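**Q** Take this sequence and fold it.
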Amino acid sequence: MVDHSTRPKLAAILAADVAGYTHLMESDTDGTVAAWTHARDTIIDPSVAGHYGRVVKLTGDGFLAEFASVRCASDMQEQLAANPLDFRMGINLGDIVDDGRDIHGEGVNVAARLDESVAAYARAVDLAPDHADLRALYALALTFAEQPMKAASEAQAAMRLNPLDPGWYCGVLGHAYRYAGQFDDALAILSEYNRQSPGFGLVDIILTHADMGNAERAATYAKALIKARPSFTVATWEKTQNC
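**A** Numbering: from 1, shown residues only. Now for the predicted structure:
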């Protein structure tokens, strides 16, 4: 049984909707409704039940779901990737308040903003697919929305489009690889980022080693970070992150 309380609690929130839903309904109402119903009946509802989560509300072209962990939400996201509908999703771990009928709080707001951010960048990329910087920023938004493999693909596209291949593209790709759990790939590309832009890429290198359980290596790179960027503070860095 889900505990309803006005006290804040930590939860993983997934906000999702279908890209281009209005156009899809206008062009093929029956097919769109059938695809949405199939996704709900075969993926969304079973995944929620299997992970002891709940669908808080349906929004016509999407839904808002609550889970105990980000891993649960990510599992659903991976399953929905195979659906013919293009589900745009934002996942965030944060504090929420459950009033018994709806959920509120910064955790919900951030998840919704991530979903909106991904949608906005997707529309922009559709309009300007050869804009390398735009593809790289889209990749960053996808990573924060817990879609790291799609993010890696977009970052690689940006690197192919821009012959100058600025170092921060490596940082975006390495960030995506770390979120995807591809730690060796992350370390390789982040090391290249640090080579091109000394002192940068080190935060993700530290976090990657920490994720791998390499505390000593993480500490070594932390010292290198402070030496290369004496003004660096975790508080300042946190303002730019969603991890």
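
**Q** and Ser231, which of the three is it?
**A** Applying DSSP: H, G, I helix; E, B strand; the rest coil to Ser231 yields a three-state assignment of coil.

**Q** Now it: phi and psi?
**A** Phi and psi for Ser231, reported as degrees, to the nearest 10, are phi -90, psi 0.

**Q** Return the set of residues that bridge with Ala16.
**A** Phe63, Met89 (DSSP bridges).

**Q** how close does it get to Leu137?
**A** Separation of Ala16 from Leu137 (C-beta to C-beta, to the nearest Å): 21 Å. Every residue, glycine included, has its C-beta placed from N, CA and C.

**Q** more crowded one of these two?
**A** Ala16 (23 against 19; other C-beta atoms under 10 Å).

**Q** and that one, what does it touch?
**A** Shown in contact with Ala16 (C-beta atoms under 8 Å, 6 or more residues apart in numbering): 62-65, 80, 87-90, 115.

**Q** cool, Gly60 as well?
**A** Tyr21.

**Q** how near is it to Glu116?
**A** Gly60 sits 16 Å away from Glu116, going by C-beta to C-beta.

**Q** repeat for Phe63
**A** Relative to Glu116, Phe63 is positioned 15 Å away (C-beta to C-beta).

**Q** Out of the two, name the residue with the larger neighbour count.
**A** A side-by-side neighbour count of Phe63 and Glu116, using other C-beta under 10 Å, places Phe63 first with 22 against 16.

**Q** correct me, but that one touches Asp45?
**A** No: assessed by C-beta atoms under 8 Å, Phe63 is found out of contact with Asp45, at 10.0 Å.

**Q** shared neighbours of these two, anything?
**A** Common neighbours of Phe63 and Asp45 (C-beta under 8 Å, 6+ apart) are Val55.

**Q** re the thing from before, between the contacts of Ala16, which is nearest Leu207?
**A** Gly90 (21.0 Å; C-beta to C-beta).

**Q** Pull the number of nearby residues for that closest one.
**A** 27.

**Q** Residue ranges of each domain in this structure, please.
**A** 7-120, 129-238 (automatic domain parsing).

**Q** where among these is the average confidence lowest?
**A** In terms of mean pLDDT, the lowest-scoring of the domains of the chain is domain 7-120 (a mean of 79).

**Q** and the end-to-end length of that one?
**A** End-to-end span of domain 7-120 (C-alpha to C-alpha, to the nearest Å): 33 Å.

**Q** And the host helix or strand of Trp168, what does it pack against?
**A** Using DSSP states H and E, Trp168 falls within helix 167-180. Applying 3 or more C-beta pairs under 8 Å, 6 or more residues apart in numbering; DSSP states H and E, we find helix 167-180 packed against helix 132-144, helix 148-161, helix 183-196, helix 202-211.
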